[in-house]
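**Q** Structural data only, the sequence is not supplied:
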């Protein structure tokens, strides 16, 4: 099910227009040889949706053609689900044919990719809702450099949470952060194994130092999340004041047991925290990890392994 929380274009920062300009420049950095053949005749093109999926990426599509002096009239709103086996007339682009063709590939690439992510996100949300789980499905930061805003936007249209947008959005302490924090501080209570890796016990001992350092600079407004590989690490993170506990690469049974145990142990003790589950989740196995004690499932599968929704532009003279 696609997002129903209003017009998502109002979320976009002003710099998305600069990104669109860069994408247009990348596609045509010098002469437009094909466009020279076409000239400046006015015309229009029909945007056809040719495969099943959710329309997403409308603001980016619109901006491509706005920068080229064209207009776009949509016949189906963002979030509309296109049927399989039909060519659906989604929108009409009007303006100089040369400019329509100049923006064609950039606009279609954005729309196809964003729509694919929205479709993939919505499919996994639906699977989880059918299990009776009402927690949050979130994407991850494993996005394409330079294209993150489009991919995160697609997640939102598909009804998923975009998680953190960048390193400044939230403090996430992974095992490498904890190890490096302890090593940098030369904490004598935390020692590395012969292989240079810390044991689970040693990481648990180092977590409070890392959380305290993060909170000291992040302040009250920045949440702290800790990646935990064991119940011991999770307990240490909660005790240190972490806001989100990520159970990483636990088995499905292990997730349910650990989440239940942690919520029971800290019930009524004044410590509020969320439990997030991550690690290899997809449409085939995500539902196995849900239970009332799990608040968030995070996965890169809704964007890294998403396909596209197929669109084309068909030009006609006025």
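**A** Arrived safely. Predicted, not measured: the structure shown is a model, and the values here were computed from it.

**Q** could you pull out the helices for the stretch 201-318 of the chain?
**A** 231-240, 252-265, 301-304 (DSSP state H, counting those that start in this stretch).

**Q** Which strand residues bridge residue 311?
**A** Beta-bridge pairing for residue 311 (DSSP bridges): residue 49.

**Q** Of all the helices of the stretch 201-318 of the chain, which one is nearest residue 62?
**A** helix 301-304 (21.8 Å; C-beta to C-beta). All C-beta atoms are positioned from the backbone trio N, CA, C, and that covers glycine.

**Q** In the stretch 101-250 of the chain, where is pLDDT below threshold?
**A** Where the stretch 101-250 of the chain drops to pLDDT under 70, the residues are 184-202.

**Q** any idea which of the helices of the stretch 201-318 of the chain is most buried?
**A** helix 301-304 (a mean of 24; mean count of other C-beta atoms under 10 Å).

**Q** So which elements touch it?
**A** The helices and strands touching helix 301-304, judged by 3 or more C-beta pairs under 8 Å, 6 or more residues apart in numbering; DSSP states H and E, are helix 97-130, helix 148-157.

**Q** Rebuild these as JSON lines, extending it with distance to residue 35 and mean neighbour count.
**A** Shown next, in JSON lines, are the helices and strands packed on helix 301-304 (distance: least, C-beta to C-beta, whole Å; neighbours: other C-beta atoms under 10 Å):
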{"stretch": "helix 97-130", "distance to residue 35": "4", "mean neighbour count": "23"}
{"stretch": "helix 148-157", "distance to residue 35": "25", "mean neighbour count": "24"}
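
**Q** Nearest approach to residue 211 belongs to which of those?
**A** helix 148-157 (26.5 Å).

**Q** For residue 114, find the nearest of the helices of the stretch 201-318 of the chain.
**A** helix 301-304 (9.9 Å).

**Q** what pLDDT, on average, does that closest one get?
**A** Mean per-residue pLDDT for helix 301-304: 96.

**Q** ok, and what's touching that helix?
**A** 117, 120-121, 124, 137, 139-140, 142-143, 151, 154-155, 158, 160, 281-283 (C-beta atoms under 8 Å, 6 or more residues apart in numbering).

**Q** likewise stretch 10-24?
**A** 59-60, 63-64, 67-68, 102-103, 106, 110, 146, 149, 153, 156.

**Q** Make sure residue 113 is actually in contact with residue 57.
**A** Yes - with contact defined as C-beta atoms under 8 Å, residue 113 counts as touching residue 57 (7.5 Å).

**Q** what is in contact with these two at once?
**A** 150, 154.

**Q** Dump the helices of the stretch 201-318 of the chain to TSV, plus distance to residue 77.
**A** Converted to TSV, the helices of the stretch 201-318 of the chain look like this (distance: least, C-beta to C-beta, whole Å):
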stretch	distance to residue 77
helix 231-240	42
helix 252-265	37
helix 301-304	22
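
**Q** so which of these comes closest to residue 133?
**A** Across the helices of the stretch 201-318 of the chain, residue 133 has its closest neighbour in helix 252-265 (11.9 Å, C-beta to C-beta).

**Q** possible to save the helices and strands packed on helix 301-304 as a markdown table with distance to residue 262?
**A** Conversion of those to a markdown table gives the following (distance: least, C-beta to C-beta, whole Å):
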| stretch | distance to residue 262 |
| --- | --- |
| helix 97-130 | 21 |
| helix 148-157 | 27 |
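
**Q** Tell me which of these lies nearest to residue 216.
**A** helix 148-157 (28.2 Å).
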